[in-house]
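K.L.:
Just the structure for this:
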Amino acid sequence: MARVVQSLVASVFSVLISMSPVVAQQEAQAPATSTTPQKLTKEQKKKMGRALKELDAQYKQWLSEDVVYIISPSERTAFLQLSTSEEREQFIEQFWLRRSSNPDLPENDFKEEHYRRIAYANEHYASGIPGWRTDRGRTYIIWGPADEIDSHPTGGTYDRPMDEGGGSTTTYPWETWRYRYLEGLGNNIIIEFVDPSGSGEYHMTMDPSEKDALTHVPGAGLSLMESMGMASKADRFTRSDGTNLPTTMGGQPASMNEFTRLEQFAKIQQSPPVKFKDLEALVTSRIVRDQVHFAWRTDYLKVTNDTVLVPVTVQVPNSQLSFSSKDGVHSATLNVFGRVSTLTGRVVQTFEEAVSRDFPDSLFQQSVKLQSIYQKAVPLRPGLYRLDLVIKDVHSGNVGVVNSRLQVPRYEDEKLEASSLILADQIEHVPAKQIGAGQFVLGSSKVRPRLEGDFTTADKLGIYMQVYNLKPDDKTHKSSASFQYTVKKGDQQIMQFKETGDEMKQTGDQVTIERLLPLGTLTPGKYSLEVLATDSLSKQTISRKAEFSVKPPVAVPAKIAANTAPGR
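P.N.:
Numbering: from 1, shown residues only. Coordinates of the predicted model:
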């Protein structure tokens, strides 16, 4: 397993699995809200079994050991249908990226925590079999450490609570784990493990009486009613609820209902559900409800030769949001769901987020004229994809959906390349601890795009672009590049200026352009910006263009501007 840990390193965010066309089609035909996996035919099961046997040892171990508790049936089926090692490596990378909570960091927090839990389970719960294979190990790997553990490693005297019949008995070794909250299960989840063999292998039980070592000993360990002659110990073995509990006085609490216990027993062994199932269902079923209109944009920045970082930015006019007022504060909440899939229907990545906006009474009327902006950066391999975006206003229930083609470029070696040209209303360096993390953060800078390209004469035009594969000098090992900025209004050149890599103090094979251009000298109207990069050593050039407009200044309170973009 350690070998797999070292070989599976993901670089950025939260990706959904690469599903095969067959599985994707099956799931699209199923009800959108169903959580029941599609049943396979006998022939499909045989085919999956053959595929598992034919897997290389490292992939078989990954599937059957490393992620056996957290991989979904559809993910497992999709993985077994892959035919090449390259596809499997891509699947594994995306598997971890989908589950990462902070995609902008180089290390995958979910993956690291998952393998830490496996190591902990092997160290603390082994009992003749590896700890990860035990019930306690499985629970720990899926749900993490319990909030409270009541452990009785040697058993001993046990005073039953009244809902278990009361009275005193002797028990086998046992433990109860209490979680204050588990997503998909609820609050105050209690799980009991018993070791009736004394071997150290505790198993999960739905029957609280299973820890009672005197259950089958006549006249011993009697309950309160049994000791009073109001019930017989033999009554324990005629119950129809799956337990051997004594008869209780006054009935049992709802938590002891057999169906409640059975449901919890099944759910506790499943991975946590997706947060915004309703939004995912809208994408899956292709139900388009165009009630919320929003702007969106994708940019492309090289990470490695095979990975491109794609910031997806969404901007929603505040006037379309439904605000609720409480204690002088107006609040609105948006659920954002995004999904990237191949043209054949295989899902490769998803992201989801709840975005809240709060404004006091004094700023509310001004804030309605502005826009709220959100961004998620996702890593993708070069290629052609489909992008689905769903925005839901939580208060009104209104939904907006966008489905679009997404062409992720391939950045070639030995060729001068460049990222997207981003026009931003904010470019600023972030503290060291925030580098590569959070919304709008690209590397060491926070770059907030202005989606509409609308600026005022009081603004500064933020210019952000990365240039790749600059040729180094054989002697100095430094690159030599120049960058020309040209602003035009129609065909008329308004301004032009240049700078070099030396002046920017950037002489490596990659240069990042970060400039703030004052617009006070420009008259209102529509403009274009071209950034031309020239590599003096390789004699290559590359350019990027973008359109923007300039308007008279609009007063925007600083408290609002921090989280919104000015409206038109």
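
K.L.:
what's the model's confidence in stretch 410-428, averaged?
P.N.:
In this model, stretch 410-428 carries a mean pLDDT of 92.

K.L.:
which parts of it are buried?
P.N.:
Taking 16 or more other C-beta atoms under 10 Å as the basis for neighbour counts, the residues of stretch 410-428 that come out buried are 411, 416-427. (C-beta placed from N, C-alpha, C; glycine too.)

K.L.:
Backbone dihedrals for Thr170, both of them.
P.N.:
Geometry field for Thr170 lists phi and psi as phi -120, psi 140, criterion degrees, to the nearest 10.

K.L.:
what about it, neighbour count?
P.N.:
Using other C-beta atoms under 10 Å as the criterion, Thr170 is surrounded by 15 other residues.

K.L.:
who's in contact with it?
P.N.:
Contacts for Thr170 were tallied using C-beta atoms under 8 Å, 6 or more residues apart in numbering; they are 155-158, 212-214, 221.

K.L.:
quick one: the strands in the stretch 351-500 of the chain?
P.N.:
371-380, 383-393, 399-408, 417-418, 422-429, 441-442, 445-449, 454-456, 460-468, 481-489, 492-500 (DSSP state E, counting those that start in this stretch).

K.L.:
strands paired with the longest one, and their directions?
P.N.:
Strand 383-393 has its sheet partners listed here by DSSP bridges as strand 329-342 (antiparallel), strand 399-408 (antiparallel).

K.L.:
same check, this time on the fourth one
P.N.:
Here strand 417-418 has these sheet partners by DSSP bridges: strand 460-468 (antiparallel).

K.L.:
if we can go back for a sec, which one of the buried residues of stretch 410-428 sits closest to Phe455?
P.N.:
Sorting those by how near they are to Phe455, with C-beta to C-beta, puts Asp425 at the top with 7.2 Å.

K.L.:
residues touching the nearest residue to the closest one once chain neighbours are set aside, list them.
P.N.:
With sequence-adjacent residues excluded and distances taken as C-beta to C-beta, 6 or more residues apart in numbering, Asp425 is closest to Arg450, at 4.5 Å. With contacts taken as C-beta under 8 Å, 6+ apart, Arg450 has the following neighbours: 423-425, 462, 548, 565.

K.L.:
go on, Leu384?
P.N.:
Applying C-beta under 8 Å, 6+ apart to Leu384 gives the contacts 342-343, 405-408.

K.L.:
sorry, back to before: so can I have a markdown table of the strands of the stretch 351-500 of the chain showing distance to Gly165?
P.N.:
As requested, the strands of the stretch 351-500 of the chain are arranged in a markdown table below (distance: least, C-beta to C-beta, whole Å):
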| stretch | distance to Gly165 |
| --- | --- |
| strand 371-380 | 54 |
| strand 383-393 | 49 |
| strand 399-408 | 52 |
| strand 417-418 | 74 |
| strand 422-429 | 66 |
| strand 441-442 | 59 |
| strand 445-449 | 62 |
| strand 454-456 | 72 |
| strand 460-468 | 70 |
| strand 481-489 | 81 |
| strand 492-500 | 83 |
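
K.L.:
do you know which of these lies nearest Ala231?
P.N.:
Shortest distance between Ala231 and the strands of the stretch 351-500 of the chain, using C-beta to C-beta, is found for strand 383-393: 54.5 Å.

K.L.:
Report the buried residues of stretch 221-231.
P.N.:
Judged by neighbour count using 16+ other C-beta under 10 Å, the buried positions of stretch 221-231 are 221-226, 231.

K.L.:
name the element the residue of the chain most remote from its centre belongs to?
P.N.:
The outermost residue of the chain relative to its centre, with distances by C-alpha atoms, centre = their mean, is Gly229 at 58.2 Å. With elements delineated by DSSP states H and E, Gly229 resides in a region that no helix or strand encompasses.

K.L.:
Relative to Arg236, how far out is it?
P.N.:
15 Å (C-beta to C-beta, to the nearest Å).

K.L.:
and the gap between the closest residue to Lys60 other than its chain neighbours and Pro130?
P.N.:
When the adjacent residues along the chain are set aside, Lys60 lies closest to Leu52, with 6.7 Å between them (C-beta to C-beta, 6+ apart). From Leu52 over to Pro130 the distance is 20 Å, taken as C-beta to C-beta.

K.L.:
What of Val314?
P.N.:
When C-beta to C-beta is applied, the distance between Val314 and Pro130 equals 45 Å.

K.L.:
These two: which is more packed in?
P.N.:
For the pair Val314 and Pro130, the greater number of neighbours falls to Val314 (23 against 15), based on other C-beta under 10 Å.

K.L.:
Just to be sure, that one is in a strand?
P.N.:
Yes - judged by DSSP: H, G, I helix; E, B strand; the rest coil, Val314 forms part of a strand.

K.L.:
tell me the contacts of it?
P.N.:
Contact analysis of Val314 by C-beta under 8 Å, 6+ apart lists 294-296, 336, 373-375, 389, 391.

K.L.:
and which of those residues is nearest to Ala121?
P.N.:
The shortest separation between Ala121 and any of the contacts of Val314 is 34.8 Å, and it belongs to Val336 (by C-beta to C-beta).

K.L.:
Where do the helices of the stretch 251-400 of the chain begin and end?
P.N.:
Assigned by DSSP state H, counting those that start in this stretch, the helices in the stretch 251-400 of the chain fall at 258-267, 277-285, 361-367.

K.L.:
The ones you listed: lowest mean pLDDT?
P.N.:
Minimum mean pLDDT among the helices of the stretch 251-400 of the chain: helix 277-285, a mean of 52.

K.L.:
before we move on, the earlier item: looks to me like the residue nearest to Lys60 is in a helix.
P.N.:
Yes - looking at Leu52 with three-state DSSP, it is inside a helix.

K.L.:
any idea how far it is from Leu80?
P.N.:
According to C-beta to C-beta, Leu52 stands 6 Å off from Leu80.

K.L.:
of these two, who's got more company?
P.N.:
Remark: of Leu52 and Leu80, Leu80 carries more neighbours, 20 against 15, as counted by other C-beta under 10 Å.

K.L.:
pLDDT wise, what is the more buried one at?
P.N.:
87.

K.L.:
Straight-line length of stretch 49-63, end to end?
P.N.:
13 Å (C-alpha to C-alpha, to the nearest Å).

K.L.:
shaky segments in the stretch 451-568 of the chain?
P.N.:
Of all residues in the stretch 451-568 of the chain, those with pLDDT under 70 make up the ranges 554-568.

K.L.:
quick one: the helices in it?
P.N.:
So, for the stretch 451-568 of the chain - with DSSP H, counting those that start in this stretch - the helices run 558-561.
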